[in-house]
Structure formats: C-alpha cells, structure tokens
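> mind looking at a prediction? Sequence and model below.
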Amino acid sequence: MPPKPKFTREEVIEAALDIVSKSGIDALTARNLAERLGCSARPIFTLFKNMDEVTSEVKDAAMDRYESYVAKSVKYTPIFKKFGMQMVLFANEEPKLFQFLFMKENTGVKNFEDLFGKLGDTARLCIDVIKKDYGLGDGDARELFRQLWIYTYGISSLCATGMCDFSEEQLIEMLGIEFLAMITLIKSGKTHTPTPIPKPTEEA
C-alpha cells in the first residue's frame, strides 16, 4: 500500500499559489514548492503527475482569486466602472498573479472571443447589465465591454509592472471618460470589429 500523502492537493496548490503570488511563475519549481511545504518533492508527486499539472491548477486558483476581486463590482452602479477599478486593484495588490494570468504569451487565444471565455462569470454578468442599463443589443454590449476591457487591461499592466500608479480619483475619471466616449461611438453606429493585420511575409 502506498504511503498516505502528508498534504492534500488543496494544501499543495495553496502553497504553490503563495510562491507565484510573491515571486512569479518562474519561481514555481518542485524544489521551491517542497521547501515551502517543508518536505521532499516525493509527497508532491504522490498527488500530482508532474509540475505542469500543478501549474495548471495554480492558474485556476489564481483566476479564482481574480474573480473574487472583480465579483465585488456586482454590488455597485455602474457595474462596468467598478469592474475596471477592481481589475486595476488586483493588478496593484497581486502583480505577479496578474502577470501570470494576463501577461504571458498565450498561443491558445486568437481573438477577444477566445479570451472572453476565460474571464469568468463576472465578465458575462457585466455584459448583461450593460445590455439592460444602456439599451444595447448583445453585439454592441460585447463591443463596449471589449473596448473597456482592453483599455483597463492597459492600465492594469502599467500598474502590475510598476510603471504607473494611479489614484482612485484618476481611475474614476479615466474609466468614465473612456466609457462615455465608447458608448457615444457605439450608439452612433460607427464602430466595427477591426480586421487583424496579417504579418508581413518575406520575399523569396
């Protein structure tokens, strides 16, 4: 009979998430994780096939933590502004997790629709509220959310890398201006989803 694991899967993932939160994904190694748990690597691989499986579950746990931040926006009006504020707050308070979730090369995402499917329930709720509060159809509501998310992502990335630090008042003003500009443009019917620019090919 194999030995009983010293830790649960949840305890291992919690320790791994703590490593990533403090030091980034590159610090998540079997050696560092074992040291954090106070054991050898053997108990880890009793519970997980390999470190890729650990990393995958840490990513899910990091997304859960992100979702716990942005989910607070559902209690506020307008929801879109609080969503953006919470996203920036997450980038400020959990910069390594923000980088891990949103600033790594991702070959599996080809367009915003692919990304949208990974943003959690709160993102879908935001679109439903936008449709209800501003009288937009599904396509226009998604376009408004897309534009606002991309804008907020840029601000969050600046914060997560320590390049900028915006006050709450600045963020409220910036997000408000972007929202008014985009909803005015969308209601004018002059928006369209941009066609991706193909990469140049080398001449033979």
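Alright, I've got the coordinates. No experiment lies behind these values; they were computed from the predicted model shown. Numbers count the residues shown, from 1 in each chain.
> pLDDT weak spots in this structure?
Within the chain, the stretches with pLDDT under 70 are 1-5, 106-110, 190-204.
> mind listing the helices for it?
Under the criterion DSSP state H, the chain contains helices at 9-23, 30-37, 42-47, 51-70, 79-93, 95-102, 112-116, 121-134, 138-160, 168-187.
> tell me the angle the fifth one makes with helix 95-102.
It refers to helix 79-93. Using axes from the mean of the first three to the mean of the last three CA atoms, to 10 degrees, the direction of helix 79-93 lies 120 degrees away from that of helix 95-102.
> and helix 79-93, what does it pack against?
Packing partners of helix 79-93 (3 or more CB pairs under 8 Å, 6 or more residues apart in numbering; DSSP states H and E): helix 51-70, helix 95-102, helix 121-134, helix 138-160, helix 168-187. Heads up, the C-betas are built off the backbone N, CA and C, glycines and all.
> got those helices as TSV, with mean neighbour count columns?
Output for those, formatted as TSV (neighbours: other CB atoms under 10 Å):
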stretch	mean neighbour count
helix 51-70	17
helix 95-102	21
helix 121-134	16
helix 138-160	19
helix 168-187	15
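> contact partners for Cys159?
Contacts for Cys159 (CB atoms under 8 Å, 6 or more residues apart in numbering) come out as 88, 91-92, 95, 165-166.
> looks like Gly176 contacts Lys81 (just checking).
Yes: the pair Gly176 and Lys81 qualifies as a contact (CB atoms under 8 Å) at a distance of 6.6 Å.
> coming back round to it: nearest to Arg9, of the helices and strands packed on helix 79-93?
Closest to Arg9 of the helices and strands packed on helix 79-93 is helix 51-70 (CB to CB; 7.6 Å).
> how far does that closest one sit from the chain's center?
Here the centre of helix 51-70 is set off from its chain's centre by 10 Å, with CA atoms, centre = their mean, to the nearest Å.
> and the contacts of it?
Contacts with helix 51-70, where a contact means CB under 8 Å, 6+ apart, come from 9, 12-14, 16-17, 20-21, 25, 28-30, 33, 44, 48, 83, 86-87, 89-90, 94, 97-98, 100-101, 118, 120-123.
> show me which of the residues you listed are buried.
Neighbour counting by 16 or more other CB atoms under 10 Å classes 12-13, 16-17, 20-21, 25, 28, 30, 33, 44, 48, 83, 86-87, 89-90, 94, 97-98, 100-101, 120, 122-123 among those as buried.
> how is the chain divided into domains?
9-48, 62-187 (automatic domain parsing).
> export the ones you listed to TSV and tack on distance to Thr55?
Converted to TSV, the domains of the chain look like this (distance: least, CB to CB, whole Å):
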stretch	distance to Thr55
domain 9-48	6
domain 62-187	9
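> still on that earlier bit, nearest to Arg146, out of the contacts of Cys159: which one, please.
Val88 (17.5 Å).
> got the contact list for the closest one?
Applying CB under 8 Å, 6+ apart to Val88 gives the contacts 152, 155-156, 159, 166, 171.
> so it versus Leu171, what's the distance?
To Leu171, Val88 is 6 Å away according to CB to CB, to the nearest Å.
> which neighbours do the two share?
Counting by CB under 8 Å, 6+ apart, the residues touching both Val88 and Leu171 are Ile155.
> okay then, goodbye and thanks.
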